[in-house]
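# Return atomic coordinates for the entry below.
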Amino acid sequence: MGAKSFWASQDGHIVSVLSPQNTTGGVTGQAFNLAGYDHASIILQQGAVAAASTKILVNACSDTSGTGATAIPFTLFAQETAGTSNDVLGTKVAVTSAGYTPTANANTFYVIEVDAQQLPSGLNCVQLQITNGANANYASAVAVLSSGRFTGDQSPTATT
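Next up is the predicted model:
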């Protein structure tokens, strides 16, 4: 049919933002540099959930250590229904810098969309943060960076 495929491993770059872990007390993911890419799609998965986490936040930072982390608005698509239709995302949601309150349903996921052009000047790095009280929740996240300036079989790191 002639449609061009997108190979995430070659046409983009994949960053392990948050290895599967318990998010009790809140967690901050690995920040990544978006300077060489136009867009990031962060896929956040929730596994076992005791109660809803407080917020999902996206921060802009000046480096991959998280320096100067500043919460920013982002776009989110949610799959918050537990069960068999776990591949159908809801409609696009514009989230303010105050963050998004996730569902208390287990085995759900979110796709967070961030354009490089929406980052504040001087803050080229992006960081996922989940705030959470004493709830024993489990989550993981991966970012797929796209529209890179330099792509190929082995793209340069975005985490240093």
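# going forward, measure contacts and count neighbours with C-alpha atoms only.
Will do.
# can you pull the contacts of Cys125?
31-35, 60-64, 66 (C-alpha atoms under 8 Å, 6 or more residues apart in numbering).
# mind redoing it with 7 Å?
Neighbouring residues of Cys125 by C-alpha atoms under 7 Å, 6 or more residues apart in numbering: 31-34, 60-64.
# Which residue ranges of the protein form strands?
13-22, 27-28, 32-33, 39-46, 55-61, 70-71, 74-79, 93-95, 108-115, 125-131, 138-146 (DSSP state E).
# and the angle for the first one with strand 39-46?
Interaxial angle, strand 13-22 versus strand 39-46 (axes from the mean of the first three to the mean of the last three C-alpha atoms, to 10 degrees): 20 degrees.
# and strand 13-22, what other elements does it pack with?
strand 138-146 (3 or more C-alpha pairs under 7 Å, 6 or more residues apart in numbering; DSSP states H and E).
# strand partners of the strand it packs on, parallel vs antiparallel please.
strand 13-22 (antiparallel), strand 39-46 (antiparallel) (DSSP bridges).
# Which residues does it contact?
Outside strand 138-146, the residues touching it (C-alpha under 7 Å, 6+ apart) are 8, 11-23, 37-49.
# Mind checking which of those are buried?
Neighbour counting over the contacts of strand 138-146 (16 or more other C-alpha atoms under 10 Å) leaves 11-18, 22-23, 37-47, 49 as the buried ones.
# Can you give me the neighbour number for the spatially closest residue to Ala51 that is not a sequence neighbour?
Counting by C-alpha to C-alpha, 6 or more residues apart in numbering, the nearest residue to Ala51 once its immediate chain neighbours are dropped is Ala104, at 4.9 Å. Ala104: 18 surrounding residues under other C-alpha atoms under 10 Å.
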